[in-house]
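[1] quick check, what structure comes out for this input:
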Amino acid sequence: MLKNELRWKSCCLPDLIKKVLQDHIRQSTGKNITLKDITNHAQRLIPKPKNLEQVLTKLQSSDKTIQVLTKDDTLEAIYYQDEVMKKKYDCFPELLLVDVTYKLNDLRMPVFLQLIVDGNGESEIVCVYIVVSEFAETMTKLVQIFKNENKAWEKTKTVMTDDFMERAVYGEQFPDAQFQLCLFPVLRSVKREINVEKMNIRLEQKDHCLEIIQKLAYSNCEDEYQRNFDNLRDTGVQPVIDYFTNSWHPIRNQWVVGLKDSCHYNNQTNNRLESINQKLKQVIKKFSNLEEFFDDLELVIRCLQNK
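    Below you'll find the model as predicted:
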């Protein structure tokens, strides 16, 4: 009991303590880890909840595909999909949107949603992953299950995510699909990386470069993009130029508004998923126990399917 309690507390560390651990690990090992890495490793220690079998028995008594991933008797993830979701994906597999939401269950397991857009332009949930930690290994297993359960995956032309780990996993599992990055997280990441202290640049240089990158993001064609890119290089702010040229310029067709040439139905962001996430949080109580979480999740799903 004490061991499990300590594991649980390690997952709930405040950010200040995580930062202290992060600094200690960097100094003692030289490894550059993120706060998310610390959370993931702590989460991975969560034992299987005692009522898991009871909850799964209840779920599996109906027309659902439920699969549980475990390792050394430790819960890794739960795969959830019903027959309506399968039929929706089979009819409209061209565009797949992926996002994650947090704090919906008392195990603090992130909840991944996969969404499609139907013939009426409506958003439909086609699969749910509940994961202990956001490791690529776990996500790969879940996406493989999704492919095994849904033969229409080969017809998916575009996958939209806002996370590079997700992009890497889906890129490997959907080799013929094109990929789009949600624009807002891209700009947020750029703003975070173009840092006065980190790049040793002046504040006015930072602001000027960010203004140009904003224009790059909303370029309507390749010619306009190249003009804005030339303007960025003309600033002479070499740390920013190098960062942008290496990180974002080669994949501009995945995030620049006017350069996306894949099937996206005019979806430039994951706003559809954010809207669904808000509906989930309106119904599912924060940090619900596992049984309550699935009861409320299924209620939301039924309401969305019958709207």
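[2] any idea how far Leu52 is from Asp73?
    11 Å (CB to CB, to the nearest Å). Where you see a C-beta, it was placed from the backbone N, CA and C, and this is true even at glycine.
[3] these two: who's more crowded?
    The neighbour count for Asp73 versus Leu52, taken as other CB atoms under 10 Å, is higher for Leu52 (17 against 7).
[4] pretty sure that one sits against Leu290.
    Yes. In terms of CB atoms under 8 Å, Leu52 counts as a neighbour of Leu290; the distance is 6.7 Å.
[5] output the helix or strand encompassing Met160 in CSV with nothing but the alpha carbons.
    Here Met160 sits within strand 158-161, counting by DSSP states H and E. Provided in CSV are the C-alpha atoms of strand 158-161 (Å, rounded to 0.1, in the frame of the first residue of the first chain):
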residue,chain,number,x,y,z
THR,A,158,-4.5,13.5,-44.0
VAL,A,159,-3.7,13.3,-40.3
MET,A,160,-3.8,16.5,-38.2
THR,A,161,-2.1,16.7,-34.8
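[6] just checking, what packs against that strand?
    If contacts are counted by 3 or more CB pairs under 8 Å, 6 or more residues apart in numbering; DSSP states H and E, strand 158-161 sits against strand 95-101, helix 164-173, strand 178-181.
[7] parallel or antiparallel, which strands does the last one pair with?
    By that I understand strand 178-181. strand 158-161 (parallel) (DSSP bridges).
[8] and the strand it pairs with, average pLDDT?
    Strand 158-161 shows a mean pLDDT of 90.
[9] kindly report the same for stretch 213-231.
    96.
[10] stretch 283-300 now?
    On average, stretch 283-300 scores 86.
[11] SS state for Glu134?
    coil (DSSP: H, G, I helix; E, B strand; the rest coil).
[12] that one is in contact with Val111, isn't it?
    No. Checked against CB under 8 Å, the pair Glu134 and Val111 is beyond contact range at 11.1 Å.
[13] could you pull out the strands for this protein?
    64-71, 74-82, 95-101, 111-117, 123-131, 158-161, 178-181 (DSSP state E).
[14] mind listing the strands the first one pairs with, and their directions?
    Going back to what we said before, that points to strand 64-71. strand 74-82 (antiparallel).
[15] any buried residues in the strand it pairs with, and which?
    75-82 (16 or more other CB atoms under 10 Å).
[16] bridging residues for the nearest residue to Leu56 once chain neighbours are set aside?
    Leaving aside its chain neighbours, Leu56 sits nearest to Ile66 (6.0 Å; criterion: CB to CB, 6 or more residues apart in numbering). Beta-bridge pairing for Ile66 (DSSP bridges): Tyr80.
[17] which ones are touching the closest residue to Asp106 other than its chain neighbours?
    Spatially, and ignoring its direct neighbours in sequence, Asp106 is nearest to Phe287 (4.6 Å; CB to CB, 6+ apart). Contacts for Phe287 (CB atoms under 8 Å, 6 or more residues apart in numbering) come out as 103-106, 108.
[18] which of those scores worst on pLDDT?
    Lowest confidence among those: Asp106, with 76.
[19] from what I can see that residue touches Lys285, true?
    No. Look at Asp106 against Lys285 with CB under 8 Å: they stay out of range, at 9.6 Å.
[20] more neighbours, these two?
    A side-by-side neighbour count of Asp106 and Lys285, using other CB under 10 Å, places Asp106 first with 16 against 13.
[21] got a list of what that one touches?
    With CB under 8 Å, 6+ apart, Asp106 has these contacts: 287-290, 293.
[22] can you say which of the residues you listed are buried?
    The buried subset of those - by 16+ other CB under 10 Å - is 288, 290, 293.
[23] in CSV: these, plus distance to Ser219.
    CSV is the format used below for the buried ones among the contacts of Asp106 (distance: CB to CB, whole Å):
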residue, distance to Ser219
Ser288, 44
Leu290, 46
Phe293, 43
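[24] okay, and the beta partners of the residue positioned nearest the centre of the chain?
    What sits nearest the mean C-alpha location of the chain, by CA atoms, centre = their mean, is Asp99, with 4.1 Å. Following DSSP bridges, Asp99 is listed with bridge partners Leu113.
[25] roughly how far does it sit from Phe244?
    Between Asp99 and Phe244 the computed distance is 25 Å (CB to CB).
[26] and if you look at Arg227?
    From Arg227 to Phe244 the distance is 15 Å (CB to CB).
[27] CSV for the strands of the chain, including distance to Glu193?
    Converted to CSV, these look like this (distance: least, CB to CB, whole Å):
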stretch, distance to Glu193
strand 64-71, 33
strand 74-82, 30
strand 95-101, 21
strand 111-117, 25
strand 123-131, 26
strand 158-161, 19
strand 178-181, 15
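[28] inside helices: which ones of the contacts of Asp106?
    Counted as lying in helices by DSSP state H, out of these, are 290, 293.
[29] cool, thanks, signing off.
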